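In: structure, please.
(chains A and B)
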2 protein chains.
Amino acid sequence: MTQDQQPAEHLAEIRRAAVRIGPHVRRTPLLRTDIAPGLMVKPESLQLTGSFKARGAFNAVLSLLEREPDVTGVVTHSSGNHGQALACAARTVGLPATIVVPDGVTPAKVAGIRSFGATVVSDGVTYDNREEIAEEIARSQGLRLIHPYDDWDVVHGAGTVGLEILEDMPSPGAVVVPVGGGGQISGIALAVSVLSPDTAVIGVEPEGAADAVASLRTGVLQSLDADPTTLAEGVKSKSIGGRNFEVMVAGGLVRDIVTVSEHELEGAVRVAWTKLKLAIEPTAALALAAYLTGKVPAGTVEHPTVIVLSGGNFDPATIAALLVT
Amino acid sequence: MTQDQQPAEHLAEIRRAAVRIGPHVRRTPLLRTDIAPGLMVKPESLQLTGSFKARGAFNAVLSLLEREPDVTGVVTHSSGNHGQALACAARTVGLPATIVVPDGVTPAKVAGIRSFGATVVSDGVTYDNREEIAEEIARSQGLRLIHPYDDWDVVHGAGTVGLEILEDMPSPGAVVVPVGGGGQISGIALAVSVLSPDTAVIGVEPEGAADAVASLRTGVLQSLDADPTTLAEGVKSKSIGGRNFEVMVAGGLVRDIVTVSEHELEGAVRVAWTKLKLAIEPTAALALAAYLTGKVPAGTVEHPTVIVLSGGNFDPATIAALLVT
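Out: Next up is the predicted model:
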């Protein structure tokens, strides 16, 4: 944790974020399922723009306007969901948005970004150079960069997922969250660590993008050497952010990070669709995969395991193929 | 309406049903969507056993046990969802259940019924003779027949959907409900007519199974001549039930019934999955199809149109094909 800001202060920021974004985003339900009595799911796939990213994007844009009323526009890099969310938030407040998207991202996500009137930049963009390109656009065009996860406003917005979970279920045994750059799990961990310290916050990564677990094990920020290959395109960032590292590793607020194979992830997507009846994207099935394979606690009715289903912006052809496998 | 029972008395029964089934079924959320600000959805696909039928089945079985503690078992005929629900309810209270299922129903639904330990009878069963076969089994084996819709306990259980909608949104402009045998819409109409008389309760049928609209237009109970052909397998009953006719037509509690084409229904299934992010079965998309084609009011933020998504027990191959069309 930073020396200048303790979890309780972050929690106060998360509460302010909840008030700030409340009129714009949705309060998603916390649902029991037919899978097990000790399991509950938080379907952020039902969130505005189809993912939890709407929370961080609205908090960042609204906070930015409070601090800098003269801002002329925003830019970000995104594998899709943060891009859609930022495009939506920017349009809502009347700001132009530019989204730098790696080539080859799910067309539905790019179409979603465009539907909110944002400018998409994708020629020559990879998971490797996207941050640099976004920074250059920010510099040259005088736009504000809203980082998809290494940004306190984004983290605090994501933390409202944790607030809502605890409002509906005050003491879950565990809260299990997909980990890409670490924005969502950082925010949730900041809220949960203060309000329900006995609850274990656990991250899940694909085996092919297991940088965060390496950072957690070594205590040093680790990065992947190459672009990862995984069905979970939402967590392809090569390392967690510096602020996210502070919360998750240095601050000790994430109890553990587990990994799942592509095969386990595919099975979880099928279970999500056929048993949970929730049309989620593969990335969002990471926590369910960890649950179904016994890598996280099973939970009880009184202290359930809550899994966060982070988004629903899937590629129809990918899902169609998985459904008939 | 029957001369001996007015809507207010039915509402009292629905309230008793809510208390009776409360410990066993789920309270489903009422959700805003990205489609339109005037639209809200009630996803009964997230209900226990994957459809609203759990409500009526639990109310019927629990009421039966109150009246006849010595009952030895239950039987029903069902295209799948009522069968799964009754099998689940019977197992919960320790009663054997026999479910008569038309040949050719979605295998996932039959597997669901078997997973609750019920006996499935399907050899030689059609949509035409299923009721007769179930009645014969009831007579010969001394079991109680729980009719899938022409049964007041089932209607009152389904009516709890209406109670919950009005708890979350006290005065919707319209509530739009798929119509097969009429169990769900009867229950909802009984609750809504007393609690929010200005709300229009509107039914939706496939063009190929448009018996209820014919009954409504003529004021006389109409039946289809032959087994209907429609993707909406949950509403293939050839006529609404006598009790359902009393509520919907004679009682005047259903404002209108509209029809949708198979093409419109297919489009709505795709929208449900890709925009609502809810994995529903085709039958459950009937009300959405009516909404998307402008056949029911668009609704406003203050007085939205609420559409009931009745279930999520889909055939994966059918959905996979629709997703890539």
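In: do a quick rundown of the helices in the stretch 201-325 of chain A.
Out: Ranges of helices in the stretch 201-325 of chain A, per DSSP state H, counting those that start in this stretch, are A:211-218, A:242-245, A:262-271, A:286-292, A:316-323.
In: for B:G50, which of those helices is the nearest?
Out: Nearest to B:G50, of all the helices of the stretch 201-325 of chain A, is helix A:262-271, at 13.2 Å by Cβ to Cβ. For the C-beta atoms, the positions are set from N, CA and C on the backbone; glycine is no exception.
In: with just CA atoms, put the closest one into CSV.
Out: C-alpha atoms of helix A:262-271 as CSV (Å, rounded to 0.1, in the frame of the first residue of the first chain):
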residue,chain,number,x,y,z
GLU,A,262,-7.6,-23.1,-21.9
HIS,A,263,-9.5,-26.4,-21.7
GLU,A,264,-10.8,-25.6,-18.2
LEU,A,265,-11.8,-22.1,-19.4
GLU,A,266,-13.7,-23.5,-22.4
GLY,A,267,-15.6,-25.8,-20.1
ALA,A,268,-16.5,-22.9,-17.8
VAL,A,269,-17.8,-20.9,-20.7
ARG,A,270,-20.2,-23.7,-21.6
VAL,A,271,-21.3,-24.1,-18.0
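In: setting aside sequence neighbours, what's the nearest residue to A:L31?
Out: Excluding its sequence neighbours, the residue lying closest to A:L31 (Cβ to Cβ, 6 or more residues apart in numbering or on different chains) is A:V41, at 5.2 Å.
In: ok, now how distant is A:Q5 from B:A250?
Out: Separation of A:Q5 from B:A250 (Cβ to Cβ, to the nearest Å): 67 Å.
In: with A:D123 instead?
Out: 66 Å.
In: of these two, which one has the most company?
Out: Using other Cβ atoms under 10 Å in any protein chain shown, the more surrounded residue of A:D123 and B:A250 is B:A250, with 14 against 7.
In: circling back to that earlier point, where does the residue nearest to A:L31 fall, phi/psi-wise?
Out: Per-residue torsions, A:V41: phi -120, psi 140 (degrees, to the nearest 10).
In: who wins for proximity to chain B among the helices of the stretch 201-325 of chain A?
Out: Among the helices of the stretch 201-325 of chain A, the nearest to chain B by Cβ to the nearest Cβ is helix A:316-323 (4.0 Å).
In: what's the average pLDDT for that closest one?
Out: Across helix A:316-323, the average pLDDT comes to 95.
In: residues in contact with that helix?
Out: Residues from elsewhere that reach helix A:316-323, judged by Cβ atoms under 8 Å, 6 or more residues apart in numbering or on different chains: A:106, A:108, A:231, A:266, A:269-270, A:273-274, A:279, A:282, B:273-274, B:316-317, B:319-321, B:323-324.
In: who are the neighbours in contact with A:E233?
Out: A:79-80, A:105-106, A:282-283.
In: pick the most deeply packed of the helices of the stretch 201-325 of chain A.
Out: Each of those was scored by mean neighbour count; the highest is helix A:286-292, a mean of 29, by mean count of other Cβ atoms under 10 Å in any protein chain shown.
In: and it, how far out from the chain middle?
Out: Taking Cα atoms, centre = their mean, to the nearest Å, one finds helix A:286-292 lying 16 Å from the centre of the chain it belongs to.
In: for that helix, packing partners?
Out: strand A:174-178, strand A:200-206, strand A:256-260, helix A:262-271, strand A:305-309 (3 or more Cβ pairs under 8 Å, 6 or more residues apart in numbering or on different chains; DSSP states H and E).
In: with adjacent residues omitted, what lies nearest to A:G142?
Out: With Cβ to Cβ, 6+ apart, the residue lying closest to A:G142 is A:T72, at 6.0 Å.
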